[in-house]
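Colleague: what's the 3D shape of this:
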Amino acid sequence: MKLTTRGHYSVKALLDLSLHSTATASVKLIAQRQNLPAPYLEKLLIEMRRAGLVHSVRGPQGGYKLARSPAEISLGEILAAVGESIEPLPHHQPDAEQAGDWVTFTLWNRLHQKLKEGLYTISLEDLYYDARSWQAARGETTSFVV
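Modeller: This is a model prediction of the structure:
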């Protein structure tokens, strides 16, 4: 599985919101902090709002906030919200005459199911602490760009 730009930017934005969870953050501010294109990020945040991952607040102090605690938001939910596909072999159709092909196909389907289950067990909080640990190991203490 390769994370596309949509998935990568979405995770970065939500990690940013989890770091700054006490206040709303504008699209422009998140984009600046994470070095992301604001117009594209706004579209992703709208999709994540529709999926119930973030709340939007209007007005001069408006922006986005997480809708739930980072521990209650899974990586699988984030990827699904922005239409990220994790299909291992989307165009593969096994040949019924080749038993080995069915074995391979069944194996990939089982691995795919386990991968999907795994994505729903990894929380935004897990990713946050993993990123913090990685940065600490590299000696980065002042900034948090994911």
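Colleague: now stretch 121-139: average pLDDT?
Modeller: Taken as a whole, stretch 121-139 has a mean pLDDT of 86.
Colleague: okay, and the helix or strand of this protein with the least pLDDT?
Modeller: helix 99-119 (a mean of 82; mean pLDDT, DSSP states H and E).
Colleague: go through that one and flag the buried ones.
Modeller: F105, L119 (16 or more other C-beta atoms under 10 Å). From N, CA and C alone the C-beta is placed, and that goes for glycine too.
Colleague: cool, stretch 48-58 as well?
Modeller: M48, L53, V54.
Colleague: ends of that stretch, how far apart?
Modeller: Terminal residues of stretch 48-58 lie 16 Å apart, using C-alpha to C-alpha, to the nearest Å.
Colleague: quick check, pLDDT for T142.
Modeller: For T142, pLDDT reads 45.
Colleague: and W134, how close does it get to E42?
Modeller: 28 Å (C-beta to C-beta, to the nearest Å).
Colleague: swap in L107?
Modeller: On the measure of C-beta to C-beta, L107 and E42 end up 40 Å apart.
Colleague: so K65: helix, strand or coil?
Modeller: strand (DSSP: H, G, I helix; E, B strand; the rest coil).
Colleague: any chance you could map the helices in this protein?
Modeller: 5-19, 27-34, 38-50, 75-81, 99-119, 124-137 (DSSP state H).
Colleague: report all helices and strands that the last one contacts.
Modeller: Where contact means 3 or more C-beta pairs under 8 Å, 6 or more residues apart in numbering; DSSP states H and E, helix 124-137 is packed against helix 5-19, helix 75-81.
Colleague: list the contacts of it.
Modeller: Outside helix 124-137, the residues that touch it by C-beta atoms under 8 Å, 6 or more residues apart in numbering are 11, 14-15, 18-19, 66, 69-71, 73-75, 78, 141, 144, 146.
Colleague: ditto for stretch 61-70
Modeller: So stretch 61-70 is in contact with 14, 17-18, 21, 23-27, 29-30, 45, 49, 52-57, 73, 123-125, 128, going by C-beta under 8 Å, 6+ apart.
Colleague: same question, stretch 46-54
Modeller: Taking C-beta under 8 Å, 6+ apart as the rule, stretch 46-54 contacts 10, 13-14, 17, 45, 55-56, 64-68, 73, 77-78, 80-83.
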